[in-house]
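Visitor: return a 3D structure for these sequence lines:
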Amino acid sequence: MGQFSMQISSVSGSILHAHQQMSSNEFEAWVHDPNRAGTLPYAIFEPRHPHEGVGAAVAVRACLYFQGGYTVDKRQTLAWAFDEYIKLAREAAGGNATPIKWLWFNGRPALSIEKAPPLATLAKQVPSNAGFDAVYTGGETARDASFYEFRTFCLEKFQADLGTRGLDVLVFTLPAPFVRGNPQSFVNLFRESAIALDATHAHAGLAVNLSPTGRAENESSEYFIAQQLGPGVDIGDPMAMKVRKLTAHLKTVDWLTLIDGAMLERVGAIPALQSELPPDWFALERCAGGLLIRAGISPQAGTAHREGQPIVAPPAYVVLNAALRAILVDSVSSLQRGTVNGDAPVYNTPASSDAWLRRFDVSPQALLLAKAAVLETPRLLPSA
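Guide: Prediction:
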């Protein structure tokens, strides 16, 4: 088992003796169930909430930001992306049956996937002045977090016409072990979706899926998992308005990072990036009118050099962060909210959230060390 797989498997076990909100027998069973690896029980750090079901699940997440989601064409494109996603999700699940089990749509009660209308049908039926907000999940119940998730958020036409409500969003996720074993398949879906949607910007990497009906009470689990695995794990709701309103900046660099043409010019265009990002470890390719950058073979969370020491950021992310610093946002208010009466730590203040945004910022000397460390990591295959 690789280091990352062991880290994923230890997410639940690391709180076995530190947390007593579930009975010891219940949590022992959870920890030792291999199907639960990379998950945490619902609201496990929130004693005022029940703990039945899955509240958080580690996955690889793609977040694509685009415009025109009120049009039939863009909604049909989202339906196409869903069909392509399902093909890959079935492969990840190791069978022909879809691992997606539920659909929440435009705030209505969840439907089982067998009873849900196809997304392509909804794309034709839902008018432009209505939202197009789909949440597909693969949990045992509709409220459970899952490794499999496909979400859309599209502004209504009148909202888009205001020009102040931000971008539309597509999010899809797959289990981290599958992506680490089949990274190119994920990259292909990310690239093809970005091109089809004419994405403004996008990123993909490790993240934590939370219960679709209980984000606030499970954000402390998201925080905990990120602390356990490392700074390469994304934090926060990718569909929050504060994030969607980033039209000229990025929230973060990631394993896959897509920037538009205007952003590319602000960082010195392709020659400048080529001088900072060695081609055997970073892949640069034209995509959706901008540039897609791949930092390494597969998504990384971080590295613990010695037991008990802080987890070090992936050096490729540190180097990419420095190269794109001119287009990275400095503040997004707060990344998380947490519960009103909860005392578990979350990124719910501007200071803590801004510190997270700057987690890859280092001194010039440390940047040189990160550049050297990149050269010690596996090279990209020529096909990448």
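
Visitor: neighbours of L174, just the number please.
Guide: L174: 26 surrounding residues under other Cβ atoms under 10 Å. In short, each C-beta sits where N, CA and C put it, glycine included.

Visitor: equivalent analysis for T164, please.
Guide: 9.

Visitor: can you check T152 too?
Guide: 28.

Visitor: cool, the one 3 residues further on as well?
Guide: For L155, the tally of surrounding residues (other Cβ under 10 Å) stands at 23.

Visitor: my guess is it contacts G68. True?
Guide: No - the criterion here is Cβ atoms under 8 Å, and L155 misses it with G68 at 9.2 Å.

Visitor: the bottom helix or strand of the chain by mean pLDDT?
Guide: helix 3-13 (a mean of 55; mean pLDDT, DSSP states H and E).

Visitor: and the helices in this protein?
Guide: 3-13, 24-31, 72-93, 119-125, 157-162, 176-181, 183-197, 215-229, 241-244, 261-266, 269-276, 315-323, 350-357, 364-374 (DSSP state H).

Visitor: the closest residue to A123 other than its chain neighbours and G95, how far apart?
Guide: Excluding the flanking residues, the one nearest A123 by Cβ to Cβ, 6 or more residues apart in numbering is R75, at 3.6 Å. Distance, R75 to G95, using Cβ to Cβ, to the nearest Å: 29 Å.

Visitor: just I235 next, same as before
Guide: 32 Å.

Visitor: ok, G166 next?
Guide: With Cβ to Cβ as the criterion, G166 and G95 are 38 Å apart.

Visitor: circling back to that earlier point, and R75 and G95? Which one has more around it.
Guide: R75 (25 against 9).

Visitor: the residue nearest to A123 touches C154, doesn't it?
Guide: Yes - using Cβ under 8 Å, R75 is in contact with C154, at 6.9 Å.

Visitor: got any residues that touch both of those two?
Guide: Common contacts of R75 and C154 (Cβ atoms under 8 Å, 6 or more residues apart in numbering): 69, 132.

Visitor: contacting residues for I270?
Guide: So I270 contacts 264, 284, 291 (Cβ under 8 Å, 6+ apart).

Visitor: confidence score at it?
Guide: I270 carries a pLDDT value of 97.

Visitor: V340 now?
Guide: According to the model, V340 scores 66 on pLDDT.

Visitor: what lines up beside the longest strand that the chain contains in the sheet?
Guide: In the chain, with assignment by DSSP state E, the single longest strand is strand 54-66. Sheet partners assigned to strand 54-66 using DSSP bridges are listed as strand 39-41 (antiparallel), strand 168-175 (antiparallel), strand 201-210 (antiparallel).

Visitor: these into TSV, with extra columns for mean pLDDT and distance to D144?
Guide: What follows is the strands paired with strand 54-66, written out as TSV (pLDDT from 0 to 100; distance: least, Cβ to Cβ, whole Å):
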stretch	mean pLDDT	distance to D144
strand 39-41	94	9
strand 168-175	98	14
strand 201-210	98	10
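
Visitor: quick one: closest of those to K115.
Guide: strand 168-175 (21.8 Å; Cβ to Cβ).

Visitor: buried residues in that closest one, which are they?
Guide: Burial within strand 168-175, assessed by neighbour count using 16 or more other Cβ atoms under 10 Å, is assigned to 168-175.
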